[in-house]
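Undergrad: Please find the sequence and the predicted model below.
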Amino acid sequence: MKVLGLYRDLDRPDRFVWLRGFSDMAARKLALTQFYGESETWRTHGPAANATMVDSSDVLLLRPLSELRFPIAARTVATIHPEPENAPRVEAVVRLETEPAHNDFPRLPVRTDGPKLVWFNVFDDEEQQETYLDELGLPREWSLRLAPLFD
(Lines give C-alpha, C1' and ligand atoms only; values in the text may rest on other atoms or scores of the structure.)
Protein backbone atom coordinates (compact mmCIF):
# COMPACT_ATOMS: atom_id res chain seq x y z
CA MET A 1 0.00 0.00 0.00
CA LYS A 2 1.29 3.44 -0.95
CA VAL A 3 -0.10 6.74 0.26
CA LEU A 4 -0.36 8.84 -2.91
CA GLY A 5 -1.72 12.06 -1.50
CA LEU A 6 -3.06 13.72 1.65
CA TYR A 7 -5.17 16.83 1.18
CA ARG A 8 -7.46 19.10 3.16
CA ASP A 9 -10.71 20.22 1.57
CA LEU A 10 -10.62 24.03 1.35
CA ASP A 11 -14.41 24.31 1.22
CA ARG A 12 -15.22 21.79 3.95
CA PRO A 13 -12.66 22.16 6.74
CA ASP A 14 -14.00 19.14 8.64
CA ARG A 15 -13.04 16.85 5.73
CA PHE A 16 -9.87 15.60 4.13
CA VAL A 17 -8.99 13.60 1.04
CA TRP A 18 -6.42 10.88 0.94
CA LEU A 19 -5.43 8.56 -1.82
CA ARG A 20 -3.75 5.24 -1.38
CA GLY A 21 -2.67 2.85 -4.08
CA PHE A 22 -2.37 -0.88 -4.45
CA SER A 23 -0.84 -2.87 -7.31
CA ASP A 24 -4.10 -4.78 -7.83
CA MET A 25 -7.27 -5.83 -6.03
CA ALA A 26 -5.66 -8.89 -4.45
CA ALA A 27 -2.89 -6.71 -2.99
CA ARG A 28 -5.54 -4.28 -1.71
CA LYS A 29 -7.43 -7.02 0.08
CA LEU A 30 -4.27 -8.44 1.63
CA ALA A 31 -2.96 -5.05 2.82
CA LEU A 32 -6.30 -3.97 4.26
CA THR A 33 -6.82 -7.33 5.99
CA GLN A 34 -3.35 -7.18 7.50
CA PHE A 35 -3.72 -3.59 8.68
CA TYR A 36 -7.35 -3.40 9.84
CA GLY A 37 -7.80 -7.02 10.82
CA GLU A 38 -4.46 -8.13 12.18
CA SER A 39 -2.23 -5.20 13.14
CA GLU A 40 -1.57 -4.21 16.72
CA THR A 41 -1.41 -0.59 15.52
CA TRP A 42 -5.04 -0.58 14.39
CA ARG A 43 -6.23 -2.55 17.42
CA THR A 44 -4.59 0.05 19.65
CA HIS A 45 -5.34 3.26 17.75
CA GLY A 46 -8.31 2.41 15.51
CA PRO A 47 -11.10 3.40 17.90
CA ALA A 48 -9.50 6.81 18.53
CA ALA A 49 -8.92 7.34 14.80
CA ASN A 50 -12.52 6.43 13.98
CA ALA A 51 -13.80 8.83 16.64
CA THR A 52 -12.17 11.75 14.81
CA MET A 53 -13.89 11.04 11.48
CA VAL A 54 -17.14 12.87 10.76
CA ASP A 55 -17.87 10.72 7.71
CA SER A 56 -15.88 7.97 6.04
CA SER A 57 -18.51 6.85 3.53
CA ASP A 58 -17.63 9.10 0.56
CA VAL A 59 -15.10 6.67 -0.91
CA LEU A 60 -14.43 5.84 -4.54
CA LEU A 61 -12.51 2.77 -5.62
CA LEU A 62 -10.48 4.02 -8.59
CA ARG A 63 -8.01 2.71 -11.13
CA PRO A 64 -5.53 4.84 -13.07
CA LEU A 65 -5.98 5.90 -16.67
CA SER A 66 -2.62 7.69 -16.66
CA GLU A 67 0.64 7.55 -14.77
CA LEU A 68 0.10 8.20 -11.07
CA ARG A 69 1.99 11.40 -10.32
CA PHE A 70 0.33 13.06 -7.36
CA PRO A 71 2.00 16.35 -6.48
CA ILE A 72 1.66 16.32 -2.72
CA ALA A 73 2.87 19.88 -2.13
CA ALA A 74 0.55 21.71 -4.51
CA ARG A 75 -2.90 23.25 -4.51
CA THR A 76 -5.08 20.82 -6.37
CA VAL A 77 -8.52 20.52 -7.91
CA ALA A 78 -10.02 17.04 -8.06
CA THR A 79 -13.00 16.80 -10.40
CA ILE A 80 -15.39 13.85 -10.19
CA HIS A 81 -17.49 13.68 -13.34
CA PRO A 82 -20.60 11.47 -13.11
CA GLU A 83 -20.80 10.87 -16.87
CA PRO A 84 -17.39 9.75 -18.13
CA GLU A 85 -18.55 9.61 -21.75
CA ASN A 86 -19.62 13.28 -21.58
CA ALA A 87 -16.66 14.63 -19.60
CA PRO A 88 -14.72 17.49 -21.17
CA ARG A 89 -11.29 16.68 -22.56
CA VAL A 90 -9.06 18.80 -20.36
CA GLU A 91 -5.38 18.59 -19.50
CA ALA A 92 -4.87 16.71 -16.25
CA VAL A 93 -1.97 15.68 -14.07
CA VAL A 94 -3.71 12.39 -13.22
CA ARG A 95 -6.80 10.64 -14.60
CA LEU A 96 -8.66 7.81 -12.92
CA GLU A 97 -11.91 5.94 -13.38
CA THR A 98 -14.04 3.96 -11.01
CA GLU A 99 -12.91 0.39 -10.59
CA PRO A 100 -15.76 -1.93 -11.60
CA ALA A 101 -14.46 -4.84 -9.52
CA HIS A 102 -16.39 -5.93 -6.45
CA ASN A 103 -15.21 -4.35 -3.19
CA ASP A 104 -13.61 -7.39 -1.60
CA PHE A 105 -13.05 -5.63 1.74
CA PRO A 106 -16.61 -4.68 2.79
CA ARG A 107 -15.44 -3.39 6.16
CA LEU A 108 -14.41 -0.28 4.18
CA PRO A 109 -17.46 0.49 2.03
CA VAL A 110 -17.08 2.27 -1.30
CA ARG A 111 -19.60 4.18 -3.38
CA THR A 112 -21.40 2.20 -6.07
CA ASP A 113 -23.35 5.04 -7.67
CA GLY A 114 -22.21 4.46 -11.21
CA PRO A 115 -19.12 5.11 -13.26
CA LYS A 116 -17.08 8.23 -12.54
CA LEU A 117 -14.16 9.88 -14.25
CA VAL A 118 -11.81 11.64 -11.84
CA TRP A 119 -9.01 13.99 -12.74
CA PHE A 120 -6.55 16.11 -10.79
CA ASN A 121 -4.95 19.41 -11.74
CA VAL A 122 -2.45 21.48 -9.78
CA PHE A 123 -2.12 25.22 -9.31
CA ASP A 124 0.22 27.75 -7.72
CA ASP A 125 -2.46 29.50 -5.70
CA GLU A 126 -6.16 29.83 -4.91
CA GLU A 127 -6.70 32.39 -7.67
CA GLN A 128 -5.52 29.90 -10.30
CA GLN A 129 -7.82 27.26 -8.82
CA GLU A 130 -10.79 29.62 -9.08
CA THR A 131 -9.97 30.65 -12.66
CA TYR A 132 -9.71 27.00 -13.69
CA LEU A 133 -13.05 26.13 -12.07
CA ASP A 134 -14.76 29.10 -13.74
CA GLU A 135 -13.38 28.13 -17.14
CA LEU A 136 -14.21 24.44 -16.64
CA GLY A 137 -17.88 25.38 -16.43
CA LEU A 138 -19.04 22.30 -14.54
CA PRO A 139 -21.21 22.34 -11.41
CA ARG A 140 -18.95 23.34 -8.50
CA GLU A 141 -20.09 20.38 -6.41
CA TRP A 142 -18.29 18.09 -8.88
CA SER A 143 -14.90 19.55 -7.94
CA LEU A 144 -12.93 19.64 -4.73
CA ARG A 145 -10.52 22.49 -4.02
CA LEU A 146 -7.68 20.85 -2.15
CA ALA A 147 -4.43 21.88 -0.49
CA PRO A 148 -1.71 19.71 1.01
CA LEU A 149 -2.68 18.38 4.42
CA PHE A 150 0.79 19.31 5.67
CA ASP A 151 2.11 22.61 4.31
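TA: That came through fine. Note that this is a predicted model, so its numbers are computed, not measured.

Undergrad: Just the buried residues of stretch 121-133, please?
TA: Asn121, Val122, Phe123, Gln129, Tyr132, Leu133 (16 or more other C-beta atoms under 10 Å). Bear in mind the C-beta positions are built from the backbone N, C-alpha and C, glycine included.

Undergrad: Could you pull out the strands in this protein for me?
TA: For the chain, the strands defined by DSSP state E cover 2-9, 16-21, 62-64, 75-81, 94-98, 117-123, 143-148.

Undergrad: Take those strands and write them to a markdown table, including mean pLDDT and distance to Ala49.
TA: Shown next, in a markdown table, are the strands of the chain (pLDDT from 0 to 100; distance: least, C-beta to C-beta, whole Å):
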| stretch | mean pLDDT | distance to Ala49 |
| --- | --- | --- |
| strand 2-9 | 90 | 14 |
| strand 16-21 | 90 | 12 |
| strand 62-64 | 94 | 22 |
| strand 75-81 | 95 | 23 |
| strand 94-98 | 94 | 25 |
| strand 117-123 | 94 | 25 |
| strand 143-148 | 94 | 20 |
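
Undergrad: Tabulate these (JSON lines), appending distance to Phe105.
TA: Formatted as JSON lines, those follow (distance: least, C-beta to C-beta, whole Å):
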{"stretch": "strand 2-9", "distance to Phe105": "17"}
{"stretch": "strand 16-21", "distance to Phe105": "12"}
{"stretch": "strand 62-64", "distance to Phe105": "15"}
{"stretch": "strand 75-81", "distance to Phe105": "22"}
{"stretch": "strand 94-98", "distance to Phe105": "16"}
{"stretch": "strand 117-123", "distance to Phe105": "20"}
{"stretch": "strand 143-148", "distance to Phe105": "24"}
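
Undergrad: which stretch among these comes nearest Arg111?
TA: The closest of the strands of the chain to Arg111 is strand 94-98. By C-beta to C-beta, the value is 8.1 Å.
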